[in-house]
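In: 3D model of this:
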Amino acid sequence: MFPTVRIVLVHTSHPGNIGGVARAMKNMAFENLVLVAPKEFPSEKAEARASGATDVLAAAQVVETLEQAVEGCHLVVGASARGRHIPWPVVDPRELAAQVVPDLSRLKVALVFGREDRGLTNEELQRCHRHVHIPSNPDFSSLNLAAAVQVLCYELRMAVLADQQGEVAGERPRWGTEWDIELATADELERLFEHLETTLVDIDFLDPDNPRQLMPRLRRLYLRSHPDKVEVNVLRGILTAMQKKIGG
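Out: This is a model prediction of the structure:
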């Protein structure tokens, strides 16, 4: 049911939690699991906790970096339990499902979950288009990793089932019309950000020794606007022209 959605676990320390996530995924008909540098995997502990979802574990992809895990994805969503110094677009699981489901057939989506003890780092969260926050009890807000994955997968599944039954209001596309160009992927955006940072240093707009929050704010701007492939190419063409101008 969800071939275009990846569940990404970053630096999971306990293999049992990986097994629990696999079980939660299979309960909701998700199958694509990507593990970023897990401490222990494969593992008998993971298989035991999977309770029959060993096919999800067997098909899991293991990579070394978050960049590899989200390569090719058009939308990257990071699970976050706390506020950040720089506000970022944030939704709850139900809002996320309502936003994602209309485009699910043509967009590759990554749902990214962090370490059991401290979640995702600020740098990792800044690679996400938006953040998702589960509004749990503020006096006891820490969720088990598998439980967090279950909540998001459940909301996506319910939205898809409602959509199939014609119960979703407003089936208009994201921008009110069918878009003519495919959205840029996470890796294409990363290359844009690298190009942008280099150019800003070249023109003395960005001081690498005192960068402040310039690049995170620019990341937020472009990720929020969700540019398509042609728009990214145009922006990179402008940056290249600027570099040639100052070089000449």
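
In: Show me what the residue sitting nearest the centre point of the chain bridges to in the sheet.
Out: Note on the chain: the residue nearest the mean C-alpha position is Val76, at 2.3 Å, using CA atoms, centre = their mean. Under the criterion DSSP bridges, Val76 forms beta bridges with Ala110.

In: what sits against it?
Out: Listed by CB atoms under 8 Å, 6 or more residues apart in numbering, the contact set of Val76 reads 70, 109-110, 112, 127-129, 186. C-betas here are computed from N, CA, C, even on glycine.

In: Of the residues you listed, which belong to helices?
Out: Ala186 (DSSP state H).

In: out of the contacts of Val76, which one sits closest to Ala29?
Out: Val109 (14.7 Å; CB to CB).

In: Any chance of a markdown table for the contacts of Val76, columns distance to Ala37, pLDDT and neighbour count?
Out: Converted to a markdown table, these look like this (distance: CB to CB, whole Å; pLDDT from 0 to 100; neighbours: other CB atoms under 10 Å):
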| residue | distance to Ala37 | pLDDT | neighbour count |
| --- | --- | --- | --- |
| Val70 | 14 | 98 | 29 |
| Val109 | 21 | 97 | 22 |
| Ala110 | 16 | 98 | 26 |
| Val112 | 13 | 98 | 27 |
| Arg127 | 15 | 95 | 21 |
| Cys128 | 18 | 96 | 25 |
| His129 | 23 | 95 | 24 |
| Ala186 | 18 | 97 | 22 |
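
In: which of the contacts of Val76 lies closest to His226?
Out: Among these, His129 lies closest to His226 (CB to CB), at 6.5 Å.

In: distance of Ala69 from Gly19?
Out: Per CB to CB, to the nearest Å, Ala69 is found 19 Å from Gly19.
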